[in-house]
Structures are given as structure tokens and as C-alpha cells.
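Q: Fold the following.
(one chain, ligands or ions: 1)
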Amino acid sequence: MTLIVEAKQRLGAFSLDAAFTSERGVTALFGRSGSGKTSMIRIIAGLAHPDEGRVVLDGEPLTETETGIFVPKHRRRFGYVFQEARLFPHLSIRANLSYGRWFAAKTEHGESFDRIVDLLGIETLLERSPSKLSGGEKQRVAIGRALLSSPRLLLMDEPLAALDDARKAEILPYLQRLRDETDIPIVYVSHSIAEVARLANQVVVMRDGKVEATGPAIDILSRPSAASDRREAGALLEGTVESFDARHRLSTVALKSCRLHIPGAALAPGKSVRIRIPSRDVMLATARPEGLSALNILEARIEAMSSTEDGTVEIRLDCGGDIILSRITTLSCERLDLRPGRAVFAVIKTVALEA
Ligand SMILES: Nc1ncnc2c1ncn2[C@@H]1O[C@H](COP(=O)(O)OP(=O)(O)OP(=O)(O)O)[C@@H](O)[C@H]1O
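A: Now for the predicted structure:
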């Protein structure tokens with residue numbers, strides 16, 4: 001699958017001038033409110049005409065201003081999931097799901113009803129009416145309905161934004177299964193770095209209507225500039241589960257050259273995982289600290305430092321090939337005499353497992 005999007009559009013005082021190419025899996029359009037994500041999705045969906053540009057899926061132009069090609073929305077065969085589930089209130093969940101299938105081209109061999117119901121864990125909901133479902137359950141049904149229309153591409157615009165944290169956490173594993181167990185490419189709009197870190201293969205960072213950066217999620221999200229809110233900045237790393245200590249409920253994950261101990265759920269050895277380490281949760285020491293409760297203390301070398309206007313310093317640390325970020329105050333930085341090239345110990349307070 002290759003999706004090419006190039007779009008210029010003037011919307012009142014706002015001007016969109018953005019382009020990206022996506023190859024597979026989940027491509028996240030990420031950026032703060034008003035950066036132009038929804039405007040891009042509307043152009044991809046065929047809900048809006050760009051002033052100039054094109055949308056090409058697997059070589060087929062769907063929008064091409066130069067030649068005047070514009071395939072209408074209902075003929076693009078895309079699935080849509082929005083913030084609100086928009087289910088038909090008078091139909092059962094089963095009927096809501098079948099409605100999606102009814103729209104699929106009859107000749108198309110789509111995913112089977114049972115497989116999608118199983119994938120999204122909605123079998124017990126089938127005979128209920130939408131009013132009896134939680135927000136998270138409704139959203140799972142909306143995703144199921146979109147999948148049953150045999151889409152060539154799934155467009156998801158902030159599908160979790162209306163849910164509380166518990167409901168978000170409930171849905172994220174299903175979205176991961178969707179990414180890993182179906183071949184349907186997904187364009188996913190979000191302003192949440194945690195969501196993007198968990199789901200995206202590729203990230204397109206938007207700012208003021210333009211693409212600020214694009215590339216693999218691991219590279220893009222580990223840049224201090226990726227987070228619009230500095231409190232969210234951190235490193236995203238990929239590793240493999242080495243072992244699980246059942247007595248202490250601790251998994252050991254091997255990165256390029258270091259190991260991290262992560263508390264929580266049992267993880268199968270050999271499994272690939274993503275890990276996020278927020279930079280505000282990484283402290284630095286010039287000598288190996290002792291008598292500390294932190295489980296993860298890594299030897300590191302300072303690679304780069306940049307001061308921020310709020311009196312803190314973002315420090316990029318090389319831990320034997322694994323890059324971790326730390327944010328400390330300018331005062332601590334001066335007291336410890338930190339500078340690029342210096343060897344330090346990184347004390348990691350929290351490690352969030354993203355997959
Ligand atoms: N039809 C329109 N006319 C004028 N301005 C518009 C129109 N549509 C969008 N805009 C403006 O374009 C900008 C980008 O909007 P857009 O919805 O694409 O951003 P977004 O990144 O999706 O934001 P959010 O995360 O808040 O949904 C905003 O400043 C918005 O006010």
C-alpha cells in the first residue's frame with residue numbers, strides 16, 4: 001500500500017500546505033489543536049477539495065487537481081471512525097455492524113463478521129442497543145462497522161478523544177490488534193503523544209498547516225521537539241522481552257545494549273515491545289547512586305544539551321546506542337557540571353510499556 005497526499009488549501013486565515021507518503025500500518029497525523037490534521041483527513045476522505053494537490057492510493061488518483069479527477073467520498077471505499085461513535089440508536093449492535101457490511105462492494109472479499117467481532121471483543125454486545133453501551137464499547141462497535149465495509153484504508157480522527165483514560169486504555173489493545181492482525185492501512189489523527197507512541201509506525205508532525213517532520217515513530221517521537229507539551233517529551237525505544245520474574249511481577253526487556261526492568265503484566269519472552277521514558281522521569285548522577293529504590297540505573301554519556309526558556313535543560317543521553325532524554329533544571333546542570341561528552345548515570349523513575 002502506498003498513499004500519497006499533497007495538499008494546498010486556503011481556509012479563511014489558515015493555510016494548509018502539506019504533503020506526506022505512507023507505506024504501511026498506522027500513519028499518525030500528530031500535532032496540536034489547529035495544526036491542520038482534520039483538514040488533511042477531510043481532503044484524503046474526499047470531504048474537501050484542495051485548491052491544489054493530489055491523493056493517490058496504490059497508483060490510483062482519487063483527487064488530482066491538475067487533471068480534475070475527484071472520486072467522491074462514497075466511492076473511495078474508506079472506513080471512518082470519528083470522535084463520537086455515531087451508531088444508529090434504533091438498531092441493535094448486530095444490525096449496526098451489518099449496516100457497514102451492507103455497504104461493502106458485494107464482489108469484495110472482506111473480513112468476516114465473526115473475525116471482526118472477535119478481534120474487537122464485542123460478541124457479548126451484539127443484541128444490545130447502543131444506549132446500553134459505554135463510550136468505549138460504542139467506539140469498538142464503530143470500528144467494527146468501519147472494518148466490515150471492507151475498507152481499502154481506515155481514517156480515524158481522534159477516535160479516543162471523547163473517552164476517559166480508563167476507556168482509552170481499554171480500546172488501545174484492540175487498535176494494536178487491528179494494526180498487527182489486519183492488512184488495512186490506517187491514517188490516525190491524534191494530539192496525544194502517548195497514543196501515537198503506542199500505535200504509530202510512521203508519524204507526520206503537523207504545525208501551522210505544514211509538515212514539520214515525518215518518519216518512523218521511534219525516530220520522530222524521541223526528539224524533544226515532538227511533544228507540544230514539554231511535560232510529555234520523552235524517548236521511545238524498541239526492545240525484546242528477555243524474561244519475566246513472576247514473584248516480583250517484573251519483566252526484563254533488552255534494548256540495544258542495556259536492560260530495563262518493568263513492573264506489571266506478564267510478558268512473553270521474545271515479544272517485541274515499545275517503551276516510553278518521559279524525560280522528566282530521568283534523573284542524572286555523576287557517580288553511581290546507592291541505596292535508591294529505582295530499579296533502572298543506566299550508564300550513559302551526554303550527547304547533547306539544549307536549554308529551554310523555562311529554566312530547564314533537555315539532555316540527550318547515549319546509553320550504549322539507546323538514546324534516552326532527561327530534563328533537569330539549569331541549576332542542577334550547573335551544580336553537577338554537566339556538559340557534552342561527560343559520563344553520567346541515568347536514574348529512571350518510570351518506564352511506560354507501550355505495547
Ligand atoms: N472552513 C474553514 N474556514 C475557515 N477556517 C477553517 C475552516 N476549516 C478549518 N479552519 C481553520 O483551519 C485551522 C486548522 O483546523 P483543523 O481542524 O484542520 O486542525 P486540527 O489540527 O485538526 O485541530 P483539532 O485537533 O483542534 O481538531 C484552524 O485554525 C481552523 O479554525
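Q: how about the residues of this protein that lie near the ligand?
A: Leu11, Gly12, Phe14, Gly31, Ser33, Gly34, Ser35, Gly36, Lys37, Thr38, Ser39, His191 (C-beta under 6 Å from any ligand atom). Placement of C-beta: from N, CA and C, glycine included.
Q: wait, the third one sits on Gly36?
A: To tie it back to what came earlier, the one meant is Phe14. Yes: judged on C-beta atoms under 8 Å, Phe14 makes contact with Gly36 at a distance of 7.2 Å.
Q: Who are the contact partners of Arg76?
A: Counting by C-beta atoms under 8 Å, 6 or more residues apart in numbering, Arg76 touches Ala45, Gly46, Leu62, Arg152, Leu153.
Q: Gly220 should be in a helix, yeah?
A: I think there's a mix-up here, since residue 220 is Ile and not Gly. Yes: the assignment for Ile220 is a helix, going by DSSP: H, G, I helix; E, B strand; the rest coil.
Q: shouldn't it be in contact with Val203?
A: Yes: using C-beta under 8 Å, Ile220 is in contact with Val203, at 4.3 Å.
Q: who's more crowded, the two?
A: Val203 (28 against 22; other C-beta atoms under 10 Å).
Q: Just grab the bridge partners of the more buried one for me.
A: Ala28, Gly215 (DSSP bridges).
Q: In a markdown table, list the contacts of Arg76 along with pLDDT, distance to Ile93 and neighbour count.
A: Listed next are the contacts of Arg76 as a markdown table, based on pLDDT from 0 to 100; distance: C-beta to C-beta, whole Å; neighbours: other C-beta atoms under 10 Å:
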| residue | pLDDT | distance to Ile93 | neighbour count |
| --- | --- | --- | --- |
| Ala45 | 95 | 25 | 19 |
| Gly46 | 96 | 28 | 18 |
| Leu62 | 98 | 31 | 25 |
| Arg152 | 92 | 25 | 17 |
| Leu153 | 94 | 24 | 22 |
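Q: Just give me the closest of those residues to the ligand.
A: Ala45 (12.5 Å; C-beta to the nearest ligand atom).
Q: That closest one contacts Leu155, correct?
A: Yes: contact criterion C-beta under 8 Å: Ala45 and Leu155 qualify, at 5.7 Å.
Q: overlap in contacts of those two?
A: The overlap between the contact sets of Ala45 and Leu155 (C-beta under 8 Å, 6+ apart) consists of Phe78, Tyr80.
Q: so what sits against both of Phe14 and Gly36?
A: Gly209.
Q: Looking at these two, which one has more neighbours?
A: Gly36 (24 against 13).
Q: Tell me both backbone torsions, phi and psi, for that one.
A: phi 110, psi 10 (degrees, to the nearest 10).
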